[in-house]
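Student: Fold the following, please.
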Amino acid sequence: MSDESPLIRSLRAAVAAAPDDVPLRLHFAELLLAEGRNDEAVTEAAVALQHAPGDEAARALMVRAMGLPQPPAAPSAPSAPSAPTPETPAPTPQPPSDAPATTPAFDWDAAEHEVGDVVGPRFVEQPLAADGSGDPGDASAWDVDAPGAVRLADVGGMYEVKERLEAAFLAPMRNPELRKLYGKSLRGGLLLYGPPGCGKTFIARAVAGELGANFMSISLSDILDMWIGNSERNVHDIFETARRQAPCVVFLDELDALGAKRSRTHHGGLRNVVNQLLTELDGINSSDNEGLFVLAATNVPWDVDIALRRPGRLDRTLLVLPPDAAAREAILRYHLRERPIEAVDLGKLVKATEDFSGADLAHLCDSAAESALLDSARTGTVRMIGMKDLLGAAKQIRPSTEPWFASARNVAMFANEGGMYDDLLAYLKKKRKL
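Tutor: This is a model prediction of the structure:
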C-alpha cells in the first residue's frame, strides 16, 4: 500500500516471513491500531489467536480493535481495615446500590463470526484414531453408481464377445422362470482378460446396464491401507455395501494386483487381502449374495491366484480381444466426431489399424490432430485433418497389443491347464501367430 509508513511495511514483511511469531504479529497489530486501521488489527489478532488460543494479550487487543468495553479487572484481595485516627476520620458508610453496574462480558462467538470470512479454520479434517478409524476410506465412502444407460448395444462390434456374454452370463440372469426351473441363482462371477486398452472396463459397465444393476469399480488403491487389518476390513466393507445396494455389480479392476498368487507374494498384508477376497467370493453361492455380481478384469490371468478361479468363485472367463473392424470404425468415429476432418476414408483407415487397441485408436486420432495443428502453426493457415495425417499416425504407432500376445502365446501353448486358454489359442491360430 502506497500510504503505509516504512515501519508498517517492514513489519508486514516480517510477519509474512514468520507467520507463527505471535508476539511479532501482536506488535504489528498494535501499530495498525495506533494508525486507526482497526479492521486490519482485528484480523491480525484473530490470526494470533489461531496460533495461540487463549492468549490474553491477543484477546485484549481484539477487544480494543473492535471498540468493545474492556472486561473488568479481577478484584485484589481486601486488606485489613486500619483503625480510625483523629486525623483520618472513619469513612461514612454508603447505602448499598440496588443495581450495581457491571461491564458486559466479551462475546467471543460474535467475534469469531465477524472474522470468519477473513481467517479460515486451521484444520478441516478430523484426526485419525490409533487404529486408523475415521479414514475417508471407510465403508460409507464407497462410490456406488446408479444403473447406467450404457448397454451392450453401445459397444461397437465385438459380436463374439457379446454372444458369449449373453450365453454364459446374461441370459440366465434375465430369465427368472428359466433360472427357477434350472435352479440357477441370481448371482455369479466372471473374469475378463485380454490385452490392455481393449475395453474390459467399458464392457463391465455395459453388463451392469444390461442387468439394471448398480456398479462399483474397485482397484488396489481403494483397498490397501497403512493400518494392519484395515485392508481386509475394506474388502469386507466393499462387499457389504454391494449387498445392501443389490442388485449390484462389483468390478475388480487389475485383479492380478488384488489377487496375485500368494506363493509369489512376500508381503503378508497382500496375502491377507487375497484370503479375505476368497472369503467374500465364497459367499457368492449363499443367499446373502442374491443379486450380487462380481466381474473382474486382468491383463495377466496367469498371475492371478488359482484359488480365485475355483468353481463357485470367478469360474467363468471371457477373452476380450482387440476391437474388430466394426468396433474400430465405431471408436474412430467417436474420437473424430468433434474434430475438423475432411475426406476421411474410414474403411481404409480401419484396414490400416488392425490389431490396434481402443487406446491405440484414441492415440492415433490425437497424433493426427497434433500433426495438423503444428502444420497450421508453421504455415499460418488453418487446415483440416485429412487422411494423410491419420495414415501417417497409423504408420508411426505400433499396436500396444503385440507385446501382450508375445507373452500370452507361450502361456497358451505350454500352460493351458483345463483348457482355460482355448479361445486364445484359436485366435492365435486364426491370426497365424503361432
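Student: Give me the neighbour count for the nearest residue to Glu40 once chain neighbours are set aside.
Tutor: The shortest distance from Glu40 to any non-neighbouring residue, by Cβ to Cβ, 6 or more residues apart in numbering, is to Leu32 (4.8 Å). No exception for glycine: its C-beta is placed from N, CA and C like everyone else's. Neighbouring residues of Leu32 were enumerated by other Cβ atoms under 10 Å; the total is 24.
Student: pretty sure Leu32 contacts Ser5?
Tutor: No - Leu32 is beyond contact range of Ser5, at 10.7 Å (criterion: Cβ atoms under 8 Å).
Student: secondary structure class for Leu192?
Tutor: Using DSSP: H, G, I helix; E, B strand; the rest coil, the structure places Leu192 in strand.
Student: ok, now which ones touch it?
Tutor: For Leu192, the contact set (Cβ atoms under 8 Å, 6 or more residues apart in numbering) comprises 200, 203-204, 295-298, 317-318, 320.
Student: Show me which of those are buried.
Tutor: Neighbour-count burial (16 or more other Cβ atoms under 10 Å) is assigned, among the contacts of Leu192, to 200, 203-204, 295-298, 317-318, 320.
Student: Could you list the buried residues of the helix or strand containing Leu7?
Tutor: Element membership of Leu7, judged by DSSP states H and E, is helix 6-17. For helix 6-17, the neighbour count (16+ other Cβ under 10 Å) marks 8, 11-12, 15 as buried.
Student: Of the residues you listed, which is the nearest to Gly54?
Tutor: Among the buried residues of helix 6-17, Val15 lies closest to Gly54 (Cβ to Cβ), at 20.6 Å.
Student: The buried ones among the contacts of Leu192 in strands, which ones?
Tutor: 295-298, 317-318 (DSSP state E).
Student: Could you single out the nearest of the buried ones among the contacts of Leu192 to Ser407?
Tutor: Out of the buried ones among the contacts of Leu192, the member with the shortest distance to Ser407 (by Cβ to Cβ) is Thr298, at 12.9 Å.
Student: For the closest residue to Leu61 other than its chain neighbours, the count of nearby residues, please.
Tutor: Leaving aside its chain neighbours, Leu61 sits nearest to Ala45 (4.8 Å; criterion: Cβ to Cβ, 6+ apart). Around Ala45 there are 30 other residues, counting by other Cβ under 10 Å.
Student: Check the gap between Ala45 and Val63 for me.
Tutor: Going from Ala45 to Val63 by Cβ to Cβ, to the nearest Å gives 9 Å.
Student: where do the contact lists of these two overlap?
Tutor: Joint contacts of Ala45 and Val63 (Cβ under 8 Å, 6+ apart) do not exist.
Student: Quick check: closest non-adjacent residue to Ser376.
Tutor: Closest to Ser376 by Cβ to Cβ, 6+ apart is Val382, at 4.8 Å.
Student: Shouldn't that neighbour be within a strand?
Tutor: No - counting by three-state DSSP, Val382 is not part of a strand but coil.
Student: For it, what are phi and psi?
Tutor: Val382 adopts backbone torsions of phi -70, psi 130, taken as degrees, to the nearest 10.
Student: ok, now the one 4 residues further on?
Tutor: With angles defined as degrees, to the nearest 10, Gly386 shows backbone torsions of phi -120, psi -180.
Student: correct me, but it touches Ala343?
Tutor: Yes - contact status for Gly386 versus Ala343: in contact at 6.1 Å, counting by Cβ under 8 Å.
Student: Which one's more surrounded, the two?
Tutor: Gly386 (18 against 9).
Student: Could you pull up the residues touching that one?
Tutor: By Cβ under 8 Å, 6+ apart, the residues touching Gly386 are 341-344, 372.
Student: Likewise for Pro195?
Tutor: Applying Cβ under 8 Å, 6+ apart, the residues near Pro195 are 299, 321-322, 357, 400-401, 404-405, 408.
Student: what residue ranges in the stretch 1-150 of the chain score low on pLDDT?
Tutor: Scanning the stretch 1-150 of the chain with the threshold set as pLDDT under 70 gives 1-3, 68-141.
Student: Can you tell me which of the contacts of Gly386 are buried?
Tutor: Judged by 16+ other Cβ under 10 Å, buried ones among the contacts of Gly386: 341, 344, 372.
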